[in-house]
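> sequence first, predicted coordinates after that:
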Amino acid sequence: MHSPRKNPPATPDFSLPIDAGGRIIYFSIQGNRYLLNGHTGTFHADLPLWTESAAKALDFPRAIQASALRMLYRDELGSKEFIQELRLLKNGFHHVLREEPRKLEFDRSVYPRIINVYLSHGCNLACRYCTNQQGSFGGPVSFMSVETAQCVVNFISRIVLSEQHDFISVNLFGGEPLLNPEATLTIASGLQNLNHIKLKTKVHLILSTNGTIYNKKIFDIFAEYPQFSSVLISLDGSKTVHDLNRPFPDGTTGSYDTVVENLKEIIRTAVPYSVTCVVSSPHDYISAAEELHKIGLKRVEIKPRLDHVHGAGALPDAVDSEFELWRRNYLAYTEYYLNHLDTPSPVMHVDRYSLMGEYINLIGTSNDPPTTLACGVVAVKIGITADGTIVPCEFLQGDEKFKLGDVGRGFDDKKFYEFEQWIFKKGQHRTDVEKCRNCFAKRVCACGCYAVSFDKSGQLVPCEDSMCRVIKERTKIDLYFISELKKRHPKFFARFTGTPVT
């Protein structure tokens, strides 16, 4: 069970904007003080107590401010330089507040390296929170043919043989891909064969399944190269919660027992796996984690759920009415996992690992890389639908302007160019609107998901305000986690980031 910190912070968490726009904030989590320049991505951790006084003093009336700052100059080493930095930021004179450069074009000569393949636009479960309507995205149920699956293998093989990347990631998805075993087997075996012939580019093969179907022949393919393969299985914590969330279509039968039995066999036969646990209201992440730990799982992902059904135009519910409950539970889970790493055999939580890519690559450098296209649609990743159509991502499908080619003939240059121009004109510059331009979290969220935005409004607009509030708070808590991980668990930090222990 989770044990609370022995010395809880004496003062509540706070957040102070430094510059006029709010791109730079001074904040406290669990009594630790941080400075985040969300404009350029510079993050300072473990600031001393006196920096709080300095930040607050700059908002005092002039006479009181001068007196307070003189006292800090006298008593605290380095305070004068720090306060001068804060003053420049507050007055808008600091060089780091310059406008950031933009990425003005795709590198069209480089293939994407993340590919989501939809083998089944249909599912054998009726999950109550499904974001893609059982894989159909509002369209008819359909399955990829074996012939199309072979074209997918040929298309991806061309990317691998180009040797442009050290690895590419291919996620076999649905609906439920194991409802289409022949096509799934064709792609899995064809891509694993590329790993057998020892090419420079490795294929990281992923199968995303609800865990209700056990297919030994397919799972054996994933076991051939465990370092390059993973079967992702959905299990939502306890039997009660899972069966409520993930019933069979009759609505009366839960899938928990079936999934757990199949998981046991997967573990017994050394198939590389990870379990994804979706957690919705009341946001009890710790209980969900402990239920998974009880089963003996070694690799799990705790995944917060925000309501949105693609193709239905529903507004996302960003726990607006439960914000304080969500914040308290998310912070408690963050602390829980930091403590869990002290146990003799800690479980790998993939969601904590993925934060390193989400934040370390964006936060922690004073350099100004070009602003990316949010999630990297087309520039980094693509989706392939059941009929072999290439789309920017799996959620941007069904509209003619999102069809970028097919796996038989490759990319359609004209369609690619039209999509490219649409993204640049309508999507990439969402950060120019005031609430995004002056937001410390913009480098993390990039104004939200294109697909959710387009599905809801028909235009590429920034996040809803309720979603912004959650993202801002999550950014601060996640940075607290990364900072504490580096300080309290340097070996795990090195493992998560791939950096040597210093």
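Nice, I can see it. Numbering: from 1, shown residues only.
> which of the residues in the longest helix belonging to the chain are buried?
Secondary structure of the chain per DSSP state H: the longest helix is helix 465-488. For helix 465-488, the neighbour count (16 or more other CB atoms under 10 Å) marks 466-486 as buried. For every residue, glycine as well, the C-beta is placed using N, CA and C.
> and if you look at stretch 238-252?
In stretch 238-252, counting by 16+ other CB under 10 Å, buried: 238, 241-243, 245-247.
> looking at these, spot the one nearest T40.
N245 (40.7 Å; CB to CB).
> pretty sure the closest one is touching V278, no?
Yes. At 6.9 Å, N245 counts as touching V278 under the criterion of CB atoms under 8 Å.
> intersection of neighbour lists for these two?
Common contacts of N245 and V278 (CB atoms under 8 Å, 6 or more residues apart in numbering): 129, 236.
> and the helix or strand that the longest helix of the chain is followed by, what does it pack onto?
Sequence-wise, the next helix or strand downstream of helix 465-488 (DSSP states H and E) is helix 490-497. Packed against helix 490-497 by the contact rule (3 or more CB pairs under 8 Å, 6 or more residues apart in numbering; DSSP states H and E) you find helix 465-488.
> for the longest helix of the chain, name the packing helices and strands.
Helix 465-488 packs on strand 24-29, strand 32-37, helix 323-340, helix 350-355, helix 442-445, helix 490-497, going by 3+ CB pairs under 8 Å, 6+ apart.
> what number of residues are in the vicinity of C439?
Burial of C439 is recorded as 26 neighbouring residues (other CB atoms under 10 Å).
> I should have written G311 there, sorry.
G311: 17 neighbours (other CB under 10 Å).
> so for E147, which of the helices and strands packed on helix 465-488 sits nearest?
helix 350-355 (34.4 Å).
> next, the buried residues of the closest one.
350-352, 355.
> now those residues in TSV, with distance to W422 and pLDDT?
Formatted as TSV, the buried residues of helix 350-355 follow (distance: CB to CB, whole Å; pLDDT from 0 to 100):
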residue	distance to W422	pLDDT
V350	33	95
D351	32	96
R352	36	95
L355	31	89
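> okay, the residue lying farthest from the centre of the chain: pLDDT?
The centre of the chain is farthest from one residue, A63, which by CA atoms, centre = their mean lies 47.0 Å away. Looking at A63, its pLDDT reads 82.
> now do the one 5 residues further on
With respect to pLDDT, A68 has a value of 85.
> go ahead and confirm R430 touches C447.
Yes. R430 is in contact with C447 according to CB under 8 Å; the separation is 4.0 Å.
> which residues do these two both contact?
436, 462.
> looking at those two, which is more packed in?
C447 (26 against 21).
> and the residue lying closest to G427 once chain neighbours are set aside, how many neighbours does it have?
In this structure, G427 finds its nearest non-sequential neighbour in L460, 4.0 Å apart by CB to CB, 6 or more residues apart in numbering. By other CB under 10 Å, 21 other residues sit near L460.
> OK, contacts around L460?
423, 426-427, 430, 450, 453-454.
> still on that earlier bit, distance of the residue farthest from the centre of the chain from R70?
A63 sits 11 Å away from R70 when distances are taken as CB to CB, to the nearest Å.
> can you check P272 too?
Distance of P272 to R70, given as CB to CB: 62 Å.
> okay, these two: which has more neighbours?
P272 (19 against 10).
> tell me the phi and psi of that one?
Here is the backbone geometry of P272 (degrees, to the nearest 10): phi -60, psi 130.
> show me the contacts for it.
Counting by CB under 8 Å, 6+ apart, P272 touches 222-223, 226, 229-231.
> just give me the neighbour total for the closest residue to K435 other than its chain neighbours.
Of all residues not flanking K435 in the chain, P462 sits nearest, at 6.6 Å (CB to CB, 6+ apart). By other CB under 10 Å, the residues close to P462 number 21.
> now do the same for P462: its pLDDT.
82.
> surely it is in a helix?
No. Applying DSSP: H, G, I helix; E, B strand; the rest coil, one finds P462 to be coil, outside a helix.
> was I right to think E301 contacts S274?
Yes. E301 sits in contact with S274 when judged by CB under 8 Å, with a separation of 6.2 Å.
> identify the contacts common to these two.
With CB under 8 Å, 6+ apart as the test, E301 and S274 both reach V350.
> what ranges do the helices span in the stretch 251-400 of the chain?
Secondary structure of the stretch 251-400 of the chain (DSSP state H, counting those that start in this stretch): helices located at 256-268, 285-295, 323-340, 350-355.
> in the second one, which residues are buried?
I take that to be helix 285-295. 285-293.
> farthest-separated two in these?
Every pair of these checked by CB to CB; the farthest is Y285 and H293, at 12.5 Å.
> rewinding a little: residues of the host helix or strand of the residue farthest from the centre of the chain that come out buried?
Element membership for A63, per DSSP H and E: helix 62-75. Residues of helix 62-75 classed as buried by neighbour count (16+ other CB under 10 Å): 68-69, 72.
> the helix or strand containing C436: how far from the chain's middle?
Here C436 sits within helix 434-437, counting by DSSP H and E. Distance of helix 434-437 from the chain centroid (CA atoms, centre = their mean, to the nearest Å) equals 22 Å.
> just to revisit the earlier point, export the helices and strands packed on helix 465-488 to JSON lines and append columns for distance to C151.
Formatted as JSON lines, the helices and strands packed on helix 465-488 follow (distance: least, CB to CB, whole Å):
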{"stretch": "strand 24-29", "distance to C151": "49"}
{"stretch": "strand 32-37", "distance to C151": "46"}
{"stretch": "helix 323-340", "distance to C151": "42"}
{"stretch": "helix 350-355", "distance to C151": "31"}
{"stretch": "helix 442-445", "distance to C151": "35"}
{"stretch": "helix 490-497", "distance to C151": "37"}
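> now for the ones you listed, which one comes closest to S142?
Going by CB to CB, the one of those nearest S142 is helix 350-355, 30.3 Å.
> tell me what that closest one is packed against?
Using 3+ CB pairs under 8 Å, 6+ apart, helix 350-355 is in contact with strand 299-304, helix 465-488.
> just the CA coordinates for that helix, please, in PDB.
Provided in PDB are the C-alpha atoms of helix 350-355 (Å, rounded to 0.1, in the frame of the first residue of the first chain):
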ATOM      1  CA  VAL A 350       4.900   2.500 -19.100                       C
ATOM      2  CA  ASP A 351       3.000   5.700 -18.600                       C
ATOM      3  CA  ARG A 352       5.800   7.000 -16.400                       C
ATOM      4  CA  TYR A 353       8.400   5.900 -18.900                       C
ATOM      5  CA  SER A 354       6.600   7.600 -21.800                       C
ATOM      6  CA  LEU A 355       6.800  11.000 -19.900                       C
END
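> who touches that helix?
274, 299-303, 337, 478, 481-482, 485, 496.
> make JSON lines from these and add distance to V377 to it.
Converted to JSON lines, the contacts of helix 350-355 look like this (distance: CB to CB, whole Å):
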{"residue": "S274", "distance to V377": "24"}
{"residue": "R299", "distance to V377": "28"}
{"residue": "V300", "distance to V377": "28"}
{"residue": "E301", "distance to V377": "22"}
{"residue": "I302", "distance to V377": "26"}
{"residue": "K303", "distance to V377": "21"}
{"residue": "Y337", "distance to V377": "31"}
{"residue": "D478", "distance to V377": "23"}
{"residue": "F481", "distance to V377": "27"}
{"residue": "I482", "distance to V377": "26"}
{"residue": "L485", "distance to V377": "30"}
{"residue": "F496", "distance to V377": "26"}
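> next one: stretch 432-449 to chain centre, how far?
That offset, for stretch 432-449, works out to 16 Å (CA atoms, centre = their mean).
> for that stretch, the averaged confidence score.
82.
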